[in-house]
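I would like to see how this sequence folds:
(4 chains)
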There are 2 protein chains.
Amino acid sequence: MTLSRHDQLTIGQLAERSGLATSALRYYESLGLIHAERTAGGQRRYARATLRRVAFVRAAQRVGLSLEEAGEALERLPAERAPSTAEWSGVAATWQDRIDQQIAELEHLRRKLTGCIGCGCLSLTRCALYNPQDRAAATGPGARHLELPRPEELAP
Amino acid sequence: MTLSRHDQLTIGQLAERSGLATSALRYYESLGLIHAERTAGGQRRYARATLRRVAFVRAAQRVGLSLEEAGEALERLPAERAPSTAEWSGVAATWQDRIDQQIAELEHLRRKLTGCIGCGCLSLTRCALYNPQDRAAATGPGARHLELPRPEELAP
DNA sequence: GTGCAACTTCAAGTCAACTTGAAGTCAAGC
DNA sequence: GCTTGACTTCAAGTTGACTTGAAGTTGCAC
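Model (predicted):
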């Protein structure tokens, strides 16, 4: 685990430190989320700040953003230095809203479920879990894992 | 919107009442989640109880279960009648745990984020959003949207 | 200068949960 | 009896976020 000179990271080192696979890092680069210098032989060398960008993307994913949305958010932050408090708090506030909404939806479902245990239900006439018409129609093709609010509802 | 005799539902009627596309219902059938009688001509006719099964699956998805896991849960409930309070409350309790864990994880992230706004951060040395080593390594191939606890950690 | 792990590219595969399309059949109202 | 919309099957496509594999190249330690 020797460091390259000028404290640049190889893709393997970045992978180890970020917890991502090297293939994932190359994929991120193909999406323009991160960027690497190249050695004379063509190997990637990452600036130390790249670790911050990767961490940002992972955090964004945990908030429910897609990689594309994470990239848009990254564009509003400086590429090579740490963001200022003002720059960061705008992004963070948006994320807070998202998290709050996700929590609210889960708590709603939790309340419903509690009621259902009480009523011994799944009877079509009374159970609150039925007729979730609020989010009935699908939002498009492809996998859709948790029915969380779509990001565009929260655009800043 | 006339009902077939014997109050059976066509796939179109079930789709309308459940909020799912007919293609999704056929897909569910291919997975063994629901079952249909057939007319002489080969068309599907669903028993009324199928609406309950579909609603159950949708609720399971909202709790974060995959269709396969929803199917396993369905196997522990009676196929053609409403479940008893005891039968249902076991399943519901498991779901409550899942929801609670999801909420807890989101609140954890929320707290971190609040701290980060205060510290004006994303500085590698201090930011709590960094080094989420707790869940660093990937859990497998394929899409992985929110890093929530895997269901097997909650098996009853 | 040699050995070998770590790197390179590129195309193709994976996964879940569906959707879409083609080409044909059924059921029910007039 | 005819029309028309709803149904049938089956194969293939879609989405996002990656992984896998093949075939070749680099970089560093000895």
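
just the angle between the helix or strand A:Gln101 falls within and helix B:85-119, please?
For A:Gln101, the element it lies in under DSSP states H and E is helix A:85-119. Using axes from the mean of the first three to the mean of the last three Cα atoms, to 10 degrees, the inter-axis angle of helix A:85-119 relative to helix B:85-119 is 170 degrees.

counting contacts, what elements does helix A:85-119 pack onto?
Applying 3 or more Cβ pairs under 8 Å, 6 or more residues apart in numbering or on different chains; DSSP states H and E, one finds that helix A:85-119 contacts helix B:85-119. No exception for glycine: its C-beta is placed from N, CA and C like everyone else's.

anything in the helix it packs on near DNA strand C?
No. Helix B:85-119 does not reach DNA strand C (Cβ under 7 Å from any atom of the strand); its nearest approach is 14.0 Å.

I'd like the average pLDDT over that helix.
For helix B:85-119, the mean pLDDT works out to 78.

still on that earlier bit, the helix holding A:Gln101: which residues count as buried?
A:88-89, A:91-92, A:94-96, A:98-99, A:101-103, A:105-106, A:109-110, A:112-113, A:116-117 (16 or more other Cβ atoms under 10 Å in any protein chain shown).

And stretch A:59-71, by the same measure?
A:59-65, A:69-71.

could you dump it to CSV, C-alpha only?
Output in CSV follows, covering the C-alpha atoms of stretch A:59-71 (Å, rounded to 0.1, in the frame of the first residue of the first chain):
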residue,chain,number,x,y,z
ALA,A,59,-24.3,9.8,0.6
ALA,A,60,-26.5,11.1,-2.2
GLN,A,61,-27.5,7.6,-3.0
ARG,A,62,-28.4,6.9,0.5
VAL,A,63,-30.7,9.9,0.4
GLY,A,64,-32.4,8.2,-2.6
LEU,A,65,-30.8,10.2,-5.4
SER,A,66,-29.8,8.5,-8.7
LEU,A,67,-26.3,8.8,-9.9
GLU,A,68,-27.5,11.3,-12.5
GLU,A,69,-29.0,13.5,-9.8
ALA,A,70,-25.9,13.1,-7.7
GLY,A,71,-23.9,14.4,-10.6
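
Now the closest residue to DNA strand D within chain A, what are its backbone angles?
The nearest approach of chain A to DNA strand D comes at A:Gly41, 2.2 Å away (Cβ to the nearest atom of the strand). Phi and psi for A:Gly41, reported as degrees, to the nearest 10, are phi -80, psi 0.

The helix holding A:Gln101 and DNA strand D, are they touching?
No. Helix A:85-119 is not in contact with DNA strand D by Cβ under 7 Å from any atom of the strand; minimum separation 13.9 Å.

Now do the residue of chain A closest to DNA strand D, the pLDDT please.
96.

quick one: stretch A:43-59 near chain B?
Yes. Stretch A:43-59 lies within reach of chain B by Cβ under 8 Å from any Cβ of the partner chain, at A:48, A:51-52, A:55-56, A:58-59.

Now, the residues you listed that are in helices?
A:51-52, A:55-56, A:58-59 (DSSP state H).

Tell me which helix or strand in chain A has the weakest average pLDDT.
helix A:85-119 (a mean of 78; mean pLDDT, DSSP states H and E).

quick one, domains of chain A?
Domains of chain A are assigned by automatic domain parsing as A:1-83, A:85-156.

give me the low-pLDDT residue ranges for chain A?
A:1-6, A:79-82, A:116-156 (pLDDT under 70).

Mind telling me which residue of it is nearest DNA strand C?
For chain A, Cβ to the nearest atom of the strand, closest residue to DNA strand C: A:Gly12, 2.4 Å.

I'd like the distance from the residue nearest to that residue when sequence neighbours are not counted to B:Thr85, if you could.
Computed as Cβ to Cβ, 6 or more residues apart in numbering or on different chains, the closest residue to A:Gly12 that is not its neighbour in sequence is A:Thr22, at 6.3 Å. According to Cβ to Cβ, to the nearest Å, A:Thr22 and B:Thr85 sit 52 Å apart.
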